[in-house]
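S.K.: Predicted model, plus sequence, below.
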Protein chains: 2
Amino acid sequence: MPTTKRVTLAQRPTGMPDDDTWSIEEVELPPLGDGEFLVKTDHISLDPAMRGWLNDVRSYLPPVQIGEVMRATVTGTVVESRHPDFAVGEAVSGMLGVTELAVTDGEGVQKIDISVAGPATWLGALGMPGLTAYHGLHEVGEISAGDTVVISAAAGAVGSVAGQIAKAKGCTVIGIAGGPEKCAWLKEIGFDEAIDYKSENVLKALRTAAPDGIDVFFDNVGGDILDAGLANLRRGARVVICGAVSTYNDEKLAPGPSRYMALLVFRAKMQGFLVFDYPDKDAAAIEDMSSMIRSGDLVARETVVEGGVEDFGRTLLGLFRGENIGKLVLKIA
Amino acid sequence: MPTTKRVTLAQRPTGMPDDDTWSIEEVELPPLGDGEFLVKTDHISLDPAMRGWLNDVRSYLPPVQIGEVMRATVTGTVVESRHPDFAVGEAVSGMLGVTELAVTDGEGVQKIDISVAGPATWLGALGMPGLTAYHGLHEVGEISAGDTVVISAAAGAVGSVAGQIAKAKGCTVIGIAGGPEKCAWLKEIGFDEAIDYKSENVLKALRTAAPDGIDVFFDNVGGDILDAGLANLRRGARVVICGAVSTYNDEKLAPGPSRYMALLVFRAKMQGFLVFDYPDKDAAAIEDMSSMIRSGDLVARETVVEGGVEDFGRTLLGLFRGENIGKLVLKIA
């Protein structure tokens, strides 16, 4: 049987992960059992949520255990199969972990149509980030034409898709992102306004950009940016809690949104959700986003880092430094 | 024309109001115009929300202006009338302010049926606090039989009614209150559990009292108690933001709920509301609560302080010190 290089969790990080967090190991794979197949990874997804999976706390998924292969969604190709539904040569995606080769029984593995978009896009706009944007806006944000929609981390994998979906639906869309390059790109892909949180007072900039208030605040960030959104709600607003990337590496619990009482003043709701909550709606969402990609309404962008699985750790840090525009993926050379 | 003593806002307080906040004045009333009537106050309502009305900030109601009569809901009797619908001798309630006598055109003034309950109850269980409890639980909390419902400031005017409504609806009800006397009373009126935040770790006590998690957290308090609730939600929970009395006298914005990301983990919503939002449902709610009072399912309790309008300021401080059980009213001697 072949051997594979893979990344396991060596110890739980305090604050930002570092080299001591990970262990790179080379192991021989067991022979395929009946109903199993072997996938050769070509792209590994880097997601903010990964940081949470490293903490030993009760959450929506169990924590990654010490010694366990790091959880990650990947794309790859079937290179050997004893499974009736997956043939050698087929492109797939699934949560197969940070590994060059993975043995799977197909649980949670999807075939992907790379004639619609390349594998990296199947980790981004057509993968979990895209579905997160889609379900969050529709199921929790309840967007409708004419709404003023504000999106934080707007140049990221989820935010950039969310903004374009809202725009296509007839909303006014304001993005918040860090730095002139990201803001310029947001305008390029159709955002009505882009606020640079590194150089602007977000609370005041939102007041100017959304003088009548915000109907939907789609928050990926938390902290002061969430507060700036709360201070500018319109009556009946929906605050969609998608993430809090500004806080994921904090060593202790950060203060929450000081302005949460705006929910009372504006009779607003703040609601969390997870992409896994709407499995019945995934296929239609991917269909819809695929046709938006074909029509040009949805620009799917990825920041692709090339390397080996051993580069996973440093690539993840780039995500928390905000180095990516669009979806960050590690392409296995 | 008669003269009246009344309380006006002398200056905006920083932190807790004090004697300098208020001015006591005696003025001669203008003669009644056509369509007006004169009300002699018998009870004045003391509400946590009053503190917010003193701040010069945009909110759901305009701030009370310097020199203006302090806003308050009162009960009283019509003593003179040039209004076709209000006759001398009728009992009424309305937002007539902290004054012995008030001239009104009847806008926002309701007749009250003191055969159902005395005037103080019409400021409590059958007044705005009762309606707040009723609408918050039904319209925002969406309670149904079998839910585990947690109520903070549970021995207060809103909380004590909310708990009894939830209980009557078939919920398991846990109250959080300060001190053994309040907790004993909560058990007496049917709460399943009472947690004393002054002597217990609320987060741990909630874990014990609601081992399967909280479906509805009805929060009047904010701060650490809200965080303790968030840490113990059940999937799909509703957090009803009714107030944040622990923070109303803070000189700067207190930190928000650190554990708000529990909304994501538990796919929960946190939503604010105001009692004024459901005018079409007020009559049915009062009807329902009146029959609960008659049947004994709803015990309406008031803490009655006797005095003159000049005692308003010190009575209000008692509210923020948590000296009342049930509704706090100032009975004009």
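M.R.: Perfect, I can see it now.
S.K.: which parts of the stretch 201-333 of chain A sit against chain B?
M.R.: A:222, A:227, A:241-244, A:247, A:253-274, A:277 (CB under 8 Å from any CB of the partner chain). From N, CA and C alone the C-beta is placed, and that goes for glycine too.
S.K.: Please pick the buried ones from these.
M.R.: A:222, A:227, A:241-244, A:247, A:254, A:256-274, A:277 (16 or more other CB atoms under 10 Å in any protein chain shown).
S.K.: Keep only those of the residues you listed that are in helices.
M.R.: Within those, residues falling in helices by DSSP state H are A:227, A:262-265.
S.K.: how about the residues you listed, which pair is most distant?
M.R.: Using CB to CB, those span at most 15.1 Å, a distance reached by A:Asp227 and A:Leu264.
S.K.: any idea how far A:Thr247 is from the residue lying closest to A:Met128 once chain neighbours are set aside?
M.R.: In this structure, A:Met128 finds its nearest non-sequential neighbour in A:Val275, 5.3 Å apart by CB to CB, 6 or more residues apart in numbering or on different chains. In this view, A:Val275 and A:Thr247 are 19 Å apart by CB to CB, to the nearest Å.
S.K.: Please apply the same query to A:Glu302.
M.R.: 25 Å.
S.K.: repeat for A:Lys198
M.R.: Distance, A:Lys198 to A:Thr247, using CB to CB: 18 Å.
S.K.: what does A:Gly94 give?
M.R.: Plainly put, A:Gly94 is 29 Å away from A:Thr247 if you go by CB to CB.
S.K.: what's the answer for A:Pro62, then?
M.R.: 21 Å.
S.K.: Which helix or strand contains the most centrally placed residue in chain A?
M.R.: The residue lying closest to the centre of chain A (CA atoms, centre = their mean) is A:Pro129, at 3.9 Å. A:Pro129 belongs to helix A:128-135 when assigned by DSSP states H and E.
S.K.: Which other helices and strands does that helix contact?
M.R.: Packing contacts for helix A:128-135, counted by 3 or more CB pairs under 8 Å, 6 or more residues apart in numbering or on different chains; DSSP states H and E, involve helix A:157-168, helix A:282-295.
S.K.: Nearest to A:Pro31 among those helices would be which one?
M.R.: Of all the helices and strands packed on helix A:128-135, helix A:282-295 sits nearest to A:Pro31, with 33.1 Å by CB to CB.
S.K.: Which is the succeeding secondary structure element to that closest one?
M.R.: strand A:302-307.
S.K.: Residues touching the helix or strand just after that next one, excluding its own?
M.R.: Note on strand A:302-307: by DSSP H and E, the next helix or strand toward the C-terminus is helix A:312-320. Outside helix A:312-320, the residues that touch it by CB atoms under 8 Å, 6 or more residues apart in numbering or on different chains are A:7, A:16-19, A:21-22, A:44, A:46-48, A:50-51, A:70, A:72, A:98, A:245, A:248-249, A:305, A:307, A:324, A:328, A:330.
S.K.: Quick one: name the residues of the stretch 1-150 of chain A near chain B.
M.R.: So far as CB under 8 Å from any CB goes, the stretch 1-150 of chain A lies against chain B at A:59-60.
S.K.: now the helices for the stretch 1-150 of chain A?
M.R.: With DSSP state H, counting those that start in this stretch as the criterion, the stretch 1-150 of chain A has helices at A:49-53, A:119-123, A:128-135.
S.K.: Tell me which of these approaches B:Leu203 most closely.
M.R.: That would be helix A:49-53 among these, by CB to CB, at 20.2 Å.
S.K.: What average pLDDT does that closest one get?
M.R.: Taken as a whole, helix A:49-53 has an average pLDDT of 95.
S.K.: In CSV, list the C-alpha atoms belonging to it.
M.R.: These are the backbone C-alpha positions of helix A:49-53, laid out as CSV (Å, rounded to 0.1, in the frame of the first residue of the first chain):
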residue,chain,number,x,y,z
ALA,A,49,-13.7,27.8,11.8
MET,A,50,-10.6,25.5,12.0
ARG,A,51,-9.3,27.6,14.9
GLY,A,52,-12.4,26.7,16.9
TRP,A,53,-12.0,23.0,16.2
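S.K.: before we move on, the earlier item: ok, the residue nearest to A:Met128 - contacts?
M.R.: Taking CB under 8 Å, 6+ apart as the test, what A:Val275 contacts is A:128, A:131-132, A:135.
S.K.: Tell me how chain A divides into domains.
M.R.: Residue ranges for each domain of chain A read A:3-124+A:301-332, A:128-276, as given by automatic domain parsing.
S.K.: For A:Leu29, give its distance to chain B.
M.R.: The spacing between A:Leu29 and chain B, counted by CB to the nearest CB, to the nearest Å, is 34 Å.
S.K.: How many residues are close by that residue?
M.R.: Using other CB atoms under 10 Å in any protein chain shown, A:Leu29 has 17 other residues around it.
S.K.: Name the nearest residue to it, ignoring sequence neighbours.
M.R.: Nearest one to A:Leu29, counting by CB to CB, 6+ apart, is A:Met1 at 4.8 Å.
S.K.: Next, count neighbours for the one you found.
M.R.: A:Met1 has 13 nearby residues by other CB under 10 Å.
S.K.: you'd agree it is up against A:Val27?
M.R.: No. Between A:Met1 and A:Val27 there is no contact under CB atoms under 8 Å: 10.0 Å.
S.K.: got a list of what the spatially closest residue to A:Asp85 that is not a sequence neighbour touches?
M.R.: Once flanking residues are discounted, A:Asp85 sits nearest to A:Gly106: 6.6 Å by CB to CB, 6+ apart. The neighbours of A:Gly106, taking CB under 8 Å, 6+ apart as the test, are A:35-37, A:83, A:85-86.
S.K.: Quick check: PyMOL command selecting the buried ones in those residues.
M.R.: Of the contacts of A:Gly106, the buried ones can be selected in PyMOL as follows, counting by 16+ other CB under 10 Å:
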select buried, chain A and resi 36+37+83+86
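S.K.: TSV please, covering the contacts of A:Gly106 and showing pLDDT and distance to A:Arg235.
M.R.: Formatted as TSV, the contacts of A:Gly106 follow (pLDDT from 0 to 100; distance: CB to CB, whole Å):
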residue	pLDDT	distance to A:Arg235
A:Gly35	98	55
A:Glu36	98	55
A:Phe37	98	54
A:His83	98	54
A:Asp85	97	51
A:Phe86	98	51
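S.K.: Find the pair from the contacts of A:Gly106 with maximum spatial separation.
M.R.: So, the contacts of A:Gly106 by CB to CB: farthest apart are A:Glu36 and A:Asp85, at 11.7 Å.
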